[in-house]
Structure formats: C-alpha cells, structure tokens
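[1] Take this sequence and fold it.
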Amino acid sequence: MDLGIAGRKAIVCASSRGLGRACARALAQAGCEVVINGRDAKALEATAAELRQAGVKVTAVKADVATPEGQAALLSACPEPDILVNNNAGPPLRDFRELTRQQIIDGVIANMVVAIELTQKVIDPMVQRKFGRIVNITSGSVKMPLAGLDLSSGARAGLTAFFAGVARSVAAANVTINFLLPGIFDTDRFASTIATTAKKKGISVDEARTERMAAVPAKRVGTPEEFGAACAFLCSAHAGYITGQNLLIDGGTFPGAM
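    The predicted model follows:
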C-alpha cells in the first residue's frame, strides 16, 4: 500500500533500537525524511546507515529527549515535522514501595511530560498545514497494569488521558493523535527481561522464553517489523479518520473486547 506520506518529515524519539527503530524504518520505507534519536552514538549511527538504504534523508540526533536540551536538538534538526512519534524507555521493574520521590518524578517526566512538551512545540504548525500525525508509544500495561511497572503504567495512562481531549480539538485540521500499546516484542529489552527471569527461576533462557510465550494467545512474541508497520499506517494519509485511539498490539493477551 502507498501510505501517501513520501516526502513528509518525521521525528521518531528513542529510535536507535527496538520498537522506535522499527517505526523509523517503516517511515523511511514509506519515503519519509526521518530524524532519529538515541543516547548511544554507535547504535544511532548504525541505525542511520541502515535507514539510508531506503534512499531517504536520515538525520541522527544524539540526545536525551527527557531534557530541554535534547528536545531542542531534535527540533533544531527538524523544526516543523509532519509526523512525531513519541517514545522513551520506561522505568525498570521495581516494587512501588521502593520508589523515591525523585524516581517518581523522573518516571513521569520520561513517560508523560516529554511527549506533552514535544507535542506542544509541533502541533500548531501541523494545524496550519492541515496535516499532522502524532503517535505515542505507550504500553499494554495502560490497559492491563502489571505489579512492578506501576510507575510506567501510571505515567503512560496519564499521557493517554491528557491527550484524549487534545486529539479531538485538532481533528478537524487533519491532525491526529493516537497511541500504540505494545505487548511483548522481540527486542533487546525483552531478551534482558527473559534472562533476568531465567536467573531468578533457575531455568534456561529458552525455557523462560517458552513459558512467557505460552501466556500469549498467539503463542509467540511480536516482531518489531509488524509494530513499525502499524505505526506507519497510523501516520499515513489513510488514517485521518482515526484519532484519540489506543491500538493494543499484544497477540491477544489483554482478555477484553474493548
């Protein structure tokens, strides 16, 4: 399918690896100029080199999007993006009793405040141009909170509620705001989690992976490529009538109809 966004400019946050990288790759393949971002210079440049094979302009920005300086660097590289994919790593698994005040504040900044701040900076030019696509990568835990990920779940759920009204206020200008809620995907983060689980349980990594997949109705983990494809569609010219929605991509793990 021609997504109708060739030549559009996109910023994809936290995109040197994992699901952010998959989104950037799908947008590059759709013909977008892409600004990618990460804190690991080596991983960032490797991703940039790969994406340039699609024949599009790719700009790599080494920065922490949780900081004002990092956001300024991204917007300096692309002052008026047509597409913004908000993404950032979540806080580590931790019992809520152990969270300090500063850790709570940092978690809310990383997984709620940053997306709001970046959206504030790009949304009015999108409205003026009558085209804008904002996709926020959150988590399946927004719908099905998990103990130990309370901070991540809370901050991302807050972001979802925050943008619910905003999305409706700009829909008439062909600017959409949607959310992608991943379940388990085959990323470095998942591999790390499985390794930790295996160690705690005293079982092999393969056993831990099989055990985890057994809890998914699809009996597998998701691929970054299919996640990226979903993101690209929400950013496409064909998705202008979809806004304020949460697309859960979890292989059927969430046991609900809505």
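[2] can you give me the helices for this structure?
    18-29, 41-51, 68-77, 101-108, 114-129, 150-170, 188-201, 205-214, 224-234 (DSSP state H).
[3] okay, the angle between the fifth one and helix 150-170?
    In terms of direction (axes from the mean of the first three to the mean of the last three Cα atoms, to 10 degrees), helix 114-129 departs from helix 150-170 by 10 degrees.
[4] And for the fourth one?
    Interaxial angle of helix 101-108 relative to helix 150-170 (the same axes, to 10 degrees): 40 degrees.
[5] Can I get helix 101-108 in PDB, CA atoms only?
    These are the backbone C-alpha positions of helix 101-108, laid out as PDB (Å, rounded to 0.1, in the frame of the first residue of the first chain):
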ATOM      1  CA  ARG A 101      10.200  10.900  45.200                       C
ATOM      2  CA  GLN A 102      12.800  11.700  42.600                       C
ATOM      3  CA  GLN A 103      12.400   8.400  40.800                       C
ATOM      4  CA  ILE A 104       8.600   9.000  40.600                       C
ATOM      5  CA  ILE A 105       9.200  12.500  39.200                       C
ATOM      6  CA  ASP A 106      11.800  11.200  36.700                       C
ATOM      7  CA  GLY A 107       9.400   8.400  35.500                       C
ATOM      8  CA  VAL A 108       6.500  10.900  35.000                       C
END
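[6] roughly how far apart are the most centrally placed residue in the chain and Lys200?
    Nearest to the geometric centre of the chain sits Ile137, at 2.9 Å (Cα atoms, centre = their mean). The spacing between Ile137 and Lys200, counted by Cβ to Cβ, to the nearest Å, is 27 Å. Placement of C-beta: from N, CA and C, glycine included.
[7] Also Leu75?
    Distance from Leu75 to Lys200, by Cβ to Cβ: 42 Å.
[8] Among those two, which residue is more densely surrounded?
    Leu75 (17 against 9; other Cβ atoms under 10 Å).
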